[in-house]
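K.L.:
make a model of this:
(2 chains)
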Amino acid sequence: MLKYLRNLFKSSKSNKVNLLSSEIAITEKIARSIFSPVNVTKSNTLRANTYKSPANIDEVSVNRLDYTTANFIKKLSKKIATPPKRDYFGFAILSKSDIIECDADVVYSPILEPKENLNIYHSDIKVGFIKEKGQELPAEINYKVSKLIEKSRFYIDPNPNTENWAGDDLK
Amino acid sequence: MNNIEILNNDRSLEEIRELSNFVISETTIDTTSHNSNNKVLSALLIGASLISTSQSVQAKTINFVEVKTENCLKLTKEYDNTVNIPFTKYINEISFTKDFVTKHNIIRNILSFKSLNQSWDGFNAIPLEIDSATNTIQLIDLIGEKLFCKIKDYYPNPNGTISLEWVNNLNEKISVEVGNNSYSYFVELASKEVQFFNKQKINSKDAQILAEFIQIL
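P.N.:
Residues are numbered from 1 along each chain as shown, chains lettered A, B, ... in the order given. Modelled structure (predicted):
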C-alpha cells in the first residue's frame, strides 16, 4: 500500500509543470524567432511581417528570454524552420517596456499540449487588432508594428547550422 | 562552355576591393584570374543587377565606366569579340543601376508569393491571396511604373496581404498594405505628423494621392 502511494505521488509529481509567473515584468526580455528570407530584407534588416499575426487571431509568438536560454529558443526555432525556403536566421529582442511604448502588449501563454511541444516560456505579443484573411491592417496598426520593428534589437545568428547560440549576448 | 554570372550585392566599394582576386580597379574586373577548372566567372559589381545566364562567354576583361548619376553607378561594358550575341543582347536589356526594380520583376516576385505554402512563416501564415496580388499589380499601373519602382521593399504578410514600402535617405517612409478589397497606408515625413489612410480603393483617384506622397519622398 505504501509502495503504491509512493508511486502515485512520484507520478503526479513528474507530471507537474512549473509555470512562470503570469505577470511579465516590464524589464523582461522577449525574443521573436527570425527566419530568412521571409522576415528580413536583402540588406538584413527586419521586415514588419515579423510582428504580424495570421488571420483571425492577434497573437505573435514570442518567448520569455529571461527565464530560458538562447540555445533553447534556437532549438525551437530550428524545429519549425524548413530550409531553404524558411531558414532560421536569428532573434529580434524587445523588452516588455518597448512593447508597451508601441501601444502593444505581451501576455503569458505557455504551451502545454501536446507534450512534445511543451513550452512554458511562450507568450504572445498583441497589437490590438484581429484581421480577417485578405484584410489589410489599419494604417495606425501598421504604424504601431513599424515602431516595434524600430525598437527591436536584431541579432543575426553567426552559426545558424549549429545547435548552440554563439552570437552576442541577447539584450 | 563558360558561364558568366554578374552578382548583385549591396557591398561597398571597400568591401569589393578586398576581393582583390577579382577587382583590379573600381571599374575593371579581371576575369582571367578565376579558377580555370571552373569556367564560371563571378563578377561582383556595385549596385549591379542580378542576372545569371548560361550563355557562352569568353570575355577577357569587362570594363565599366562610371556615369555621373547621384546614388547610381551606371555601368557599360566593353568586351572582346568572342562574346556571343545572346549575351550581348542580354546585357543590352538590363540596366546596371543601383535600384534595379522593374515592373516585370515586381510582378514576378508577387506571383512567387502565391506559391508559398501554408504556414510559410512557421506560425500558420497563409499563402498570398489572389485578390491581394491582383490589386497590387493594378496599383502598379495606377501609380505608374516609374514611381512604383522606387520601392524599397515588398513582402507577403501572414494573412495573405502584401506590404509595400518606400523609404528615402532621411528614413521618411510610406508603408502600404494591400488587401483583397482595399489598401491602407501611413506616411511618415520628418516635418509632419504621421498621416493615416484607410480603406483606399484601387482606383486612379485614391492612387493619385498615394503617388503624390511617393513623389514627395
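
K.L.:
use CA for all of it now, contacts and neighbours both
P.N.:
Noted.

K.L.:
report how many residues lie close to residue A:67.
P.N.:
12 (other CA atoms under 10 Å in any protein chain shown).

K.L.:
who's in contact with it?
P.N.:
residue A:121 (CA atoms under 8 Å, 6 or more residues apart in numbering or on different chains).

K.L.:
angles on the backbone of it, please.
P.N.:
phi -100, psi 0 (degrees, to the nearest 10).

K.L.:
I'd like to know how far residue B:172 sits from chain A.
P.N.:
12 Å (CA to the nearest CA, to the nearest Å).

K.L.:
what sits against that residue?
P.N.:
By CA under 8 Å, 6+ apart, the neighbours of residue B:172 are B:187, B:188, B:189, B:190, B:217.

K.L.:
next one: residue A:164
P.N.:
Residue A:164 neighbours (CA under 8 Å, 6+ apart): A:70, A:71, A:74, A:75.

K.L.:
all helices of chain A, in order?
P.N.:
Secondary structure of chain A, counting by DSSP state H: helices at A:2-15, A:70-80, A:96-101, A:139-151.

K.L.:
tell me if I'm right that residue B:177 and residue B:164 touch.
P.N.:
Yes - contact status for residue B:177 versus residue B:164: in contact at 6.3 Å, counting by CA atoms under 8 Å.

K.L.:
one step back: quick one: which of the contacts of residue B:172 is most hemmed in?
P.N.:
residue B:187 (23 neighbours).

K.L.:
name the nearest residue to that one, sequence neighbours excluded.
P.N.:
residue B:174 (4.6 Å; CA to CA, 6 or more residues apart in numbering or on different chains).

K.L.:
please, which helix or strand holds the one you found?
P.N.:
According to DSSP states H and E, residue B:174 maps onto strand B:173-178.

K.L.:
what residues does that strand touch?
P.N.:
A:136-137, A:139, A:142, B:132, B:135-136, B:161-167, B:183-189, B:213-214, B:217.

K.L.:
switch to 6 Å and redo it
P.N.:
A:136, B:132, B:161-167, B:183-188 (CA atoms under 6 Å, 6 or more residues apart in numbering or on different chains).

K.L.:
quick check, nearest of the residues you listed to residue B:117?
P.N.:
residue B:161 (14.4 Å; CA to CA).

K.L.:
shouldn't that closest one be in contact with residue B:181?
P.N.:
No - at 10.3 Å, residue B:161 does not count as touching residue B:181 under the criterion of CA atoms under 6 Å.

K.L.:
how about the contacts of strand B:173-178, which pair is most distant?
P.N.:
That would be B:132 and B:188, which, of these, are the farthest apart (CA to CA) at 23.7 Å.

K.L.:
low pLDDT regions in the chain?
P.N.:
If you meant another chain, say so; for now it's chain A. Low-confidence segments of chain A (pLDDT under 70): A:1-15.

K.L.:
I was thinking of chain B, sorry if that wasn't clear
P.N.:
For chain B (pLDDT under 70), the answer is B:1-100.

K.L.:
near chain B, which residues of chain A are found?
P.N.:
A:49, A:54, A:55, A:80, A:133, A:134, A:135, A:136, A:139 (CA under 6 Å from any CA of the partner chain).

K.L.:
for chain B, which residues are neighbours of chain A?
P.N.:
So chain B meets chain A at B:122, B:125, B:157-161, B:177-180, B:184-186, B:196 (CA under 6 Å from any CA).

K.L.:
can you tell me which of those residues end up in strands?
P.N.:
If you go by DSSP state E, the residues of chain B next to chain A have B:177, B:178, B:184, B:185, B:186, B:196 in strands.

K.L.:
got those residues as a markdown table, with distance to residue A:91 and neighbour count columns?
P.N.:
Formatted as a markdown table, these follow (distance: CA to CA, whole Å; neighbours: other CA atoms under 10 Å in any protein chain shown):
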| residue | distance to residue A:91 | neighbour count |
| --- | --- | --- |
| B:177 | 24 | 27 |
| B:178 | 27 | 31 |
| B:184 | 28 | 23 |
| B:185 | 27 | 27 |
| B:186 | 27 | 23 |
| B:196 | 30 | 18 |
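
K.L.:
widest-spaced pair of the residues you listed?
P.N.:
B:178 and B:196 (14.2 Å).

K.L.:
quick one: which of the residues of chain B next to chain A is nearest residue A:43?
P.N.:
residue B:157 (19.0 Å).

K.L.:
burial measure for the residue nearest to the closest one when sequence neighbours are not counted, as a count.
P.N.:
Ranked by CA to CA, 6+ apart and with sequence neighbours excluded, the top spatial neighbour of residue B:157 is residue A:49, at 5.6 Å. Using other CA under 10 Å, residue A:49 has 23 other residues around it.

K.L.:
residue closest to the middle of chain A?
P.N.:
Taking CA atoms, centre = their mean, the centroid of chain A lies closest to residue A:62, which sits 1.5 Å from it.

K.L.:
so how far is residue A:100 from that one?
P.N.:
15 Å (CA to CA, to the nearest Å).

K.L.:
for residue B:182, same thing?
P.N.:
Residue B:182 is 29 Å from residue A:100, where distance means CA to CA.

K.L.:
among those two, which residue is more densely surrounded?
P.N.:
Comparing residue B:182 with residue A:100 by other CA under 10 Å, the one with more neighbours is residue B:182, at 20 against 14.
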